[in-house]
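# Next come a sequence and a model predicted from it.
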Amino acid sequence: MAKRFVVIGGGAAGFFAAVAAAEANPEAQVVLLEKSAQFLGKVRISGGGRCNVTHACFDPRDLVEFYPRGGQELLGPFTRFACGDTMEWFEDRGVALKVEEDGRVFPTSDQSETIVDCLMGMAEASGVRCSLHSGIKRVEPGQDGTWTVFLENGDQVGADAVLFAPGASKRIWDSLEDLGHRIIPPVPSLFTFNIRDPRIAELAGVSVSNVRVTVPVGGLETEGPMLITHWGLSGPAVLKMSAFGARWMADQDHRFTVFVNWLPQFDTADELLDALNALRKDASHQRKRVLSNALFGIPLRLWRNLGMFARIPESANWSDLSKPQLRKWAEVLTESAFSVVGKSTHKDEFVTAGGVALNEVSFATMESRLHPGLYFAGEVLDIDALTGGFNFQAAWTTGWIAGHAMAGAPI
């Protein structure tokens, strides 16, 4: 009798796993169950509707550095299926891809529907039975090694193996806890720091190409571009910090002090002070208004706000500044302290840190160490990544491995 495999979750990981299983074992019956009214919801909206498929990072040792949780466990899987394999998989199936300057990979169409159509088409071609409005109540193991999946509508589906790929789902996590799996409590990741401060008020949209952000009490430090938003501070430097510090920040109720060095080429205020002194003595700068002539690549509006906070007079030229004024100016530019009073997340691309404990999963097969025949892929696991296509890559990789393992195919 042909095997039956049930995949729970119609997102990126679930679709990829279902197609992998169906292609690896054409005799098997693969059933994909999605609780909502639409398949591949997050794929459709990711990257502003363009779908950031993966990232052009081809060394697994470099790739794992983008995963605050799960990087060590993913090193082995990435040696078998990683970014280059993902690109080849889609291109072999007719999807043209492009690599942008920052390394992000998109379909050349700039339309997420291109990826959706490919996955839907491959599922149909490989015989995957896809079912919407099919929420799961629970999954129970049988004495003969099979499984029964109980649906919210009262139906039951028997399976030789079950693969969980529902994304971040409290109901599914509760069901897995009932089966004995430990769930790491989910907390938000990849969020903006909510800050109410006159230095950045009315500056939404202003960006700085490179800053250093530190939270000394939490042992956190990042460097990179920063964006000022209506809510506070965001951009790659902040998002990276929020990811790596997600659990600590949740423990602080997202209230803490963050320090910004707007000029990370100067490690300390003393180093910058020497440079500012040199400017004060430079004949070409002496008669220039300090607040009207931004330096070091800092946008003028931000430069003015920071200068006013440092109590630099509006009319002051460089030659007018006293040593105490210069020191205060250097401290503000290298050690700006901001009080974070909360967080803001992009609801359509919400990422959580938390899920099935990774030590309870074999990353050679993505199979449960507690229950043979139970597999996992994607965000249901305690795995998350920075922005740039890395979360999708974890979904493709774990889905590909789980699908092949479930089908009994070589990995």
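Arrived safely.
# Confirm that residue 312 sits in a helix.
No. Counting by DSSP: H, G, I helix; E, B strand; the rest coil, residue 312 is located in no helix; its state is coil.
# measure it to residue 98 for me?
In this view, residue 312 and residue 98 are 46 Å apart by Cβ to Cβ, to the nearest Å. All C-beta spots, glycine's among them, are computed from the backbone N, C-alpha and C.
# ok, now residue 258?
Relative to residue 98, and taking Cβ to Cβ, residue 258 is found at 35 Å.
# Please say which of the two ends up with more neighbours.
Neighbours were tallied for residue 258 and for residue 98 using other Cβ atoms under 10 Å; the higher tally belongs to residue 258 (22 against 13).
# Does residue 345 touch residue 190 like I think?
Yes. The pair residue 345 / residue 190 is scored as a contact, 6.9 Å apart, by Cβ atoms under 8 Å.
# Mind checking which of these two has more residues around it?
residue 190 (25 against 15).
# hey, what's the closest residue to the more buried one other than its chain neighbours bridged with?
Excluding the flanking residues, the one nearest residue 190 by Cβ to Cβ, 6 or more residues apart in numbering is residue 351, at 4.7 Å. For residue 351, the beta-bridge partners are residue 189 (DSSP bridges).
# contacting residues around residue 351?
188-190, 243, 379, 384-385, 391 (Cβ atoms under 8 Å, 6 or more residues apart in numbering).
# Now residue 289: closest residue in space, sequence neighbours ignored.
What sits nearest to residue 289 in space, not counting adjacent residues and going by Cβ to Cβ, 6+ apart, is residue 317, at 5.9 Å.
# Pull up the per-residue confidence for that neighbour.
On pLDDT, residue 317 comes in at 96.
# which residues does it contact?
286-290.
# ok, now residue 82?
Residue 82 touches 58, 60, 63, 393, 397, counting by Cβ under 8 Å, 6+ apart.
# Hmm, the third one is touching residue 393, no?
When you say that, I think you mean residue 63. Yes. Counting by Cβ under 8 Å, residue 393 is a contact partner of residue 63 at 7.5 Å.
# Overlap in contacts, these two.
In contact with both residue 63 and residue 393: 55, 82-83, using Cβ under 8 Å, 6+ apart.
# Was I right to think residue 54 contacts residue 394?
No. Residue 54 is beyond contact range of residue 394, at 10.0 Å (criterion: Cβ under 8 Å).
# ok, residue 391 to residue 274 distance?
43 Å.
# returning to what we had before: with the shared contacts of residue 63 and residue 393 in mind, which one is nearest to residue 145?
Nearest to residue 145, judged by Cβ to Cβ, of the shared contacts of residue 63 and residue 393 is residue 82 at 32.0 Å.
# so how far is residue 61 from that closest one?
Going from residue 82 to residue 61 by Cβ to Cβ gives 11 Å.
# So which elements touch the lowest-mean-pLDDT helix or strand in the chain?
The helix or strand of the chain with the poorest confidence is helix 283-286; it has a mean of 90 (mean pLDDT, DSSP states H and E). Based on contacts counted as 3 or more Cβ pairs under 8 Å, 6 or more residues apart in numbering; DSSP states H and E, there is no element that helix 283-286 packs against.
# what about burial for the contacts of residue 82, which qualify?
Buried subset of the contacts of residue 82 (neighbour count, 16 or more other Cβ atoms under 10 Å): 60, 63, 393, 397.
# Excluding residues flanking it in the chain, which one is nearest the second one?
Spelled out, it's residue 63. Counting by Cβ to Cβ, 6+ apart, the residue nearest residue 63 is residue 57, at 4.8 Å.
# do residue 191 as well
Leaving aside its sequence neighbours, residue 191 sits nearest to residue 343 (Cβ to Cβ, 6+ apart; 4.1 Å).
# you'd agree the one you found is in a helix?
No. Per three-state DSSP, residue 343 lies outside any helix segment and is strand.
# Per the annotation, how does this protein divide into domains?
4-188+347-406, 191-344 (automatic domain parsing).
# what does the average pLDDT come to for the longest one?
Predicted confidence along domain 4-188+347-406 averages 96 (mean pLDDT).
# picking that back up, tell me the two of the contacts of residue 82 that are most distant?
Farthest pair in these, by Cβ to Cβ: 58 and 397, 13.4 Å.
# Below-threshold pLDDT in the stretch 151-300 of the chain: ranges please.
The stretch 151-300 of the chain contains no residues with pLDDT under 70.
# any idea how far residue 174 lies from residue 2?
32 Å.
# coming back round to it: so for residue 391 and residue 274, which residue has more residues nearby?
residue 391 (26 against 12).
# Determine how far stretch 24-40 lies from the middle of the whole chain.
Centroid displacement of stretch 24-40 relative to its chain, using Cα atoms, centre = their mean, to the nearest Å, is 25 Å.
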